[in-house]
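>>> Any chance you can model this:
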Amino acid sequence: MTALNLTKEDLTTRTITIYEKDERLGGRLRYKERDGYKVDEGPTIVLLPNLLISLLESAGIDCEQLDMLRCDPLYALHYEDGQTFYKWSDEQLQMEEIKHHYPGEEEGYKKIHDVMKENFNSGKEAFLDRAFVDRKQFFTLENTRKLLKMHVYESMTKTTSRYFKSKRLQEAFSFQSLYIGGNPKATPALYSLIPYSEHADGIWYVRGGYAKLAQILQQELERRGVTIKLQTAVEEVITEGNVATGIVDEHGDLQHFDEVIVNGDLPMMDRLFTTHKTKRTYEPSSGCLLIYAGVDGAYDEQNIHQFFMSNEHEQHMNDVFKEKKWHNNPSFYLFNPSMIDDTLAPAGKSVLYFLVPAPVNETLDNEAEYVERVLQRAEQQYEGLRERIEWLEVKTPHDAALEGLFAGGSFGIAPSYKQSGVFRPQFQPYAYKNVYAVGASIHPGGGIPIVMQGAQLLVDHLLTKEMKERRSHA
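Residues are numbered from 1 along each chain as shown. Next comes the predicted model:
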């Protein structure tokens, strides 16, 4: 996105080269494919569609290429006792759903919805739309008032407990911190913009999979003549004093550049700078056990997005984030895109995707048994699933670490108090005046539209800087 914004007509004089270690651009936005089956390997839930479209159009992308479908109900939450609770974007339908399952809690929903709406509007303007290279821009009287009013010193779980008596409702409106790898009990209430955005803007699906977006962006970069070097990892950023002068790639080739922008997982990118000494330690986000399956037949009666909630959900979260161990009865997410997209599997077949929140830096010794347990639980809604699976592939946090993700976490650094807002690495995290960074670990954080917003913040900075330099030489 940074390259796209910098290559718009008459916007800059930069000549850009992109280095990519894999065979295609996109990072986490890619497919897992086998024998005619295709499913997103990484992100699947499309949030903040208005922000996404706005950023793409700003970069000169024709959004007609994206066939976006709205998902309503948003998703289903399945419980072990057989209860299924639906989340809806429509406020009245959500009220009726709450009244049906949790009578007396409707007023709490109205209150938390209004509070989240106010927090979203003020939080987006004060934090999401701004960079904080200069910390003084964050610690203003106005921002302090907003922070206190938003109760950002509370966790998402604590906030929901002030409005709902039911433990299940508290979980249903706070587990969304897992979308960015955060512990609901530790993620600041600032991130309540996530559950609110589900109701305000809906959850969407990109026909062909979210990874199609990466293909569209790569095609546009190629059309604009941007040099893209695939399967060419950068081994070192060459520096002199506080200035980067170029890079050395895995083939030993040295190229000189005026600016360097890194978009790998921070702090893993520190290794590129031989003279840089890391002064700060970071907490990784949660890991994921990912299960990809090709299935004979389809489950068209099921929702595209579903969450299977464990009776031990709170203990599961504690094991993942505190004890750093695998929980035997986990909650998990199930993605069933074939119910609305027939392009992902051979005729008469479908694909499924499972995501189980998992600890980082911990191996799974009994992988086959653990996967079997997840599939067995899924059969609560997906009858006969295991005997219909034709293709099965598993990815663990250990696999993610081997691919270069920090500690095997799937979402960059954790969205904790000490790693949010001004305390999160900004787009200039190194002591080199022409080295910049984008990605999930950089402010404003994880999630595709949010990462794209971070790229936009960097572009705004670079273009402002360029304009000042032109004026000074005029």
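>>> ok, the closest residue to I194 other than its chain neighbours - how many residues close by?
Distances taken as Cβ to Cβ, 6 or more residues apart in numbering place Q176 nearest to I194, at 4.3 Å, with adjacent residues excluded. All C-beta spots, glycine's among them, are computed from the backbone N, C-alpha and C. By other Cβ atoms under 10 Å, 23 other residues sit near Q176.
>>> tell me the secondary structure for Q176?
In three-state terms, and counting by DSSP: H, G, I helix; E, B strand; the rest coil, Q176 is helix.
>>> what sits against it?
Q176 makes contact with 156, 191, 194-195, 198, according to Cβ atoms under 8 Å, 6 or more residues apart in numbering.
>>> What is the nearest of those residues to H113?
If you rank the contacts of Q176 by distance to H113 using Cβ to Cβ, P195 comes first, at 9.5 Å.
>>> what packs against the strand or helix carrying that closest one?
P195 belongs to helix 193-201 when assigned by DSSP states H and E. Packed against helix 193-201 by the contact rule (3 or more Cβ pairs under 8 Å, 6 or more residues apart in numbering; DSSP states H and E) you find helix 106-123.
>>> got a list of contacts for the helix or strand following the helix it packs on?
Where DSSP H and E defines the elements, the next helix or strand beyond helix 106-123 is helix 141-149. With contact meaning Cβ under 8 Å, 6+ apart, helix 141-149 is reached by 122-123, 126, 153, 190.
>>> Out of those residues, which end up buried?
Among the contacts of helix 141-149, those buried by neighbour count (16 or more other Cβ atoms under 10 Å) are 122-123, 126, 190.
>>> okay if I get these as JSON lines plus distance to P330 and pLDDT?
Below are these laid out as JSON lines (distance: Cβ to Cβ, whole Å; pLDDT from 0 to 100):
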{"residue": "S122", "distance to P330": "35", "pLDDT": "81"}
{"residue": "G123", "distance to P330": "30", "pLDDT": "78"}
{"residue": "A126", "distance to P330": "36", "pLDDT": "75"}
{"residue": "L190", "distance to P330": "26", "pLDDT": "87"}
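>>> Tell me the one among the residues you listed nearest to N318.
Closest approach between these and N318, by Cβ to Cβ: L190, at 22.2 Å.
>>> Tell me the pLDDT of D10.
Note for D10: predicted pLDDT of 62.
>>> please renumber so the chain begins at 509
Let's use 509 as the start, then, which means that last one is D518.
>>> Check which helices and strands the helix or strand hosting P865 sits against.
Per DSSP H and E: P865 is located in strand 857-866. If you count contacts as 3+ Cβ pairs under 8 Å, 6+ apart, strand 857-866 packs onto strand 545-548, strand 795-804, strand 840-843, helix 875-886.
>>> State the mean pLDDT of it.
Per-residue scores along strand 857-866 average to 99.
>>> lowest confidence element among the helices and strands of this structure?
Here the helix or strand of the chain ranked lowest by mean pLDDT, DSSP states H and E is helix 649-657, holding a mean of 82.
>>> tilt between that helix and helix 614-631?
Compare the direction of helix 649-657 with that of helix 614-631 by axes from the mean of the first three to the mean of the last three Cα atoms, to 10 degrees and you get 160 degrees.
>>> mind listing what's buried in helix 649-657?
Neighbour-count burial for helix 649-657 flags 651, 654-655 (criterion: 16+ other Cβ under 10 Å).
>>> Which one of the residues you listed is nearest to L574?
The shortest approach to L574 among these belongs to K654, at 33.2 Å (Cβ to Cβ).
>>> Pull out the buried positions in the helix holding P703.
Neighbour-count burial for helix 701-709, counted by 16+ other Cβ under 10 Å, picks out 701-709.
>>> And for stretch 775-795?
775-777, 780-781, 784, 790-795.
>>> Quick one: which of those residues has the lowest pLDDT value?
H784 (78).
>>> could you check the distance from it over to I950?
16 Å (Cβ to Cβ, to the nearest Å).
>>> and which of the buried residues of helix 649-657 is nearest N819?
Lowest distance from N819 to the buried residues of helix 649-657 (Cβ to Cβ) belongs to L655, with 35.4 Å.
>>> all helices for this protein, in order.
510-514, 557-566, 599-609, 614-631, 649-657, 664-669, 675-680, 701-709, 720-731, 821-826, 875-886, 893-896, 905-910, 956-981 (DSSP state H).
>>> Pipe these into CSV and attach distance to S858 per row.
Converted to CSV, those look like this (distance: least, Cβ to Cβ, whole Å):
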stretch, distance to S858
helix 510-514, 33
helix 557-566, 25
helix 599-609, 27
helix 614-631, 34
helix 649-657, 45
helix 664-669, 33
helix 675-680, 27
helix 701-709, 25
helix 720-731, 18
helix 821-826, 27
helix 875-886, 13
helix 893-896, 9
helix 905-910, 24
helix 956-981, 24
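>>> Of these, which is nearest N869?
Nearest of the helices of the chain to N869, taken as Cβ to Cβ: helix 905-910 at 7.4 Å.
>>> Please list the residues outside the closest one that contact it.
With Cβ under 8 Å, 6+ apart as the test, helix 905-910 has contacts from 795-797, 866-872, 915-918.
>>> Mark which of those residues are buried, thanks.
Buried members of the contacts of helix 905-910, scored by 16+ other Cβ under 10 Å, are 795-797, 866-868, 870, 872, 915-918.
>>> Isn't I799 up against V882?
Yes. Taking Cβ atoms under 8 Å as the definition, I799 is a contact partner of V882 at 6.6 Å.
>>> any low-confidence regions in the stretch 559-708 of the chain?
The model of the stretch 559-708 of the chain has no residue with pLDDT under 70.
>>> Next: the stretch 859-982 of the chain.
982.
>>> re earlier: hmm, which two among the contacts of Q684 are most spread apart?
Counting by Cβ to Cβ, the most remote pair of the contacts of Q684 is M664 and E706, 13.4 Å apart.
>>> Direction-wise, compare the strand holding P865 with helix 875-886 and give the angle.
Counting by the same axes, to 10 degrees, strand 857-866 lies at 110 degrees to helix 875-886.
>>> ok and strand 857-866 relative to strand 795-804, angle-wise?
Angle between the axes of strand 857-866 and strand 795-804 is 160 degrees (criterion: the same axes, to 10 degrees).
>>> Tell me which strands strand 857-866 pairs with, and in which orientation.
Applying DSSP bridges, strand 857-866 is found paired with strand 795-804 (antiparallel), strand 840-843 (antiparallel).
>>> Turn those strands into CSV, columns for distance to L555.
Shown next, in CSV, are the strands paired with strand 857-866 (distance: least, Cβ to Cβ, whole Å):
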stretch, distance to L555
strand 795-804, 17
strand 840-843, 14
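>>> of all those, which lies closest to M603?
For M603, the closest of the strands paired with strand 857-866 is strand 840-843, at 24.9 Å, according to Cβ to Cβ.
>>> pull the CA atoms of that closest one into PDB?
This file holds the C-alpha atoms of strand 840-843, laid out as PDB (Å, rounded to 0.1, in the frame of the first residue of the first chain):
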ATOM      1  CA  PHE A 840     -12.200 -21.900  18.200                       C
ATOM      2  CA  TYR A 841     -13.300 -20.200  15.000                       C
ATOM      3  CA  LEU A 842     -14.700 -22.000  11.900                       C
ATOM      4  CA  PHE A 843     -14.800 -20.300   8.500                       C
END
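>>> Give the rounded mean pLDDT of it.
Here strand 840-843 scores 99 as its mean pLDDT.
>>> quick one: contacts of it?
Strand 840-843 is contacted from outside by 547-548, 552, 812-816, 860-865, 882, 885-886, 890, using Cβ under 8 Å, 6+ apart.
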